[in-house]
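Q: turn this into a structure:
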Amino acid sequence: MARASSLCGVILAAGASTRMGRDKALLPWPPQPQAVNLLSDTFLSAAIRSLMPITELVIVVAGQNGVSLTPVVDAIGATLVINPDPSRGQFSSMQVGLQEVLSHGRDAAIVTLVDRPPVAPETVELLRRTFLDAPTPVWAVVPEFKGMHGHPFVVGRELIELFLKAPATSNAREVEHQHQSHIEYLTVDDPHIIANVDTPEDYEALEKQKT
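A: Residues are numbered from 1 along each chain as shown. Next up is the predicted model:
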């Protein structure tokens, strides 16, 4: 039986971006040299826009960078929530975002990280459709590219509740592996699902790919 079609987007953007040296959420997208100052999307705004067509609400989880992210979030019509202690790790930010999903009366979410290029619209739609059409025992759909799992992934209420019960020191992969039979891994032709951008060199490599 098909599931209800209501999804929330959750974007994890509370990291300190220590290795990058500036907030990855605000890096221009498409990539631009630092000296160029053109009006463009950022990783954050591009991520919000990528999820909006298939969701009713996009939640951005920030940390100490909340003040600087607020103008971007407000301009596009997303919702900002704050992880009060992002030093606990990325999993704690996901818990903050997923709790907000349940607080808004929703039962499923599509979760992604801000430190990567937005995936193709076709990838987002395929993940949504696969989850909605999946049988009830499937609690999440995780994309896979060349044998590696990535983001965004879609998660239903069953797994959301397990994530929320887990200690903040845990991680999504640990919880998923404990419930492997309920996860569907979906092969996609989209390298952006695994393209983390952690350093200036990573970002420069993206800029070179664009040219």
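
Q: element containing Val81?
A: In the assignment (DSSP states H and E), Val81 maps to strand 79-82.

Q: so in that sheet, which strands flank that strand, and in what orientation?
A: strand 57-62 (parallel) (DSSP bridges).

Q: just to revisit the earlier point, what's downstream of the strand holding Val81, the next helix or strand?
A: Heading C-terminal from strand 79-82 (DSSP H and E), you reach helix 90-103.

Q: how far away from the center of its chain is that following helix?
A: 12 Å (C-alpha atoms, centre = their mean, to the nearest Å).

Q: how about stretch 77-91?
A: For stretch 77-91, the distance to the chain centre is 12 Å (C-alpha atoms, centre = their mean).

Q: got the end-to-end distance for it?
A: 25 Å (C-alpha to C-alpha, to the nearest Å).

Q: before we move on, the earlier item: mind exporting the C-alpha coordinates of the strand holding Val81 to PDB?
A: Provided in PDB are the C-alpha atoms of strand 79-82 (Å, rounded to 0.1, in the frame of the first residue of the first chain):
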ATOM      1  CA  THR A  79      12.300  26.900   8.800                       C
ATOM      2  CA  LEU A  80      15.400  27.300  11.000                       C
ATOM      3  CA  VAL A  81      15.900  25.300  14.200                       C
ATOM      4  CA  ILE A  82      19.000  25.400  16.500                       C
END
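
Q: give me the contact list for that strand.
A: By C-beta atoms under 8 Å, 6 or more residues apart in numbering, the residues outside strand 79-82 that reach it are 14, 57-63, 66, 69-70, 73-74, 96-97, 100. Bear in mind the C-beta positions are built from the backbone N, C-alpha and C, glycine included.

Q: drop anything exposed from those.
A: For these, a neighbour count by 16 or more other C-beta atoms under 10 Å gives the buried set as 14, 57-63, 66, 69, 73, 96-97, 100.
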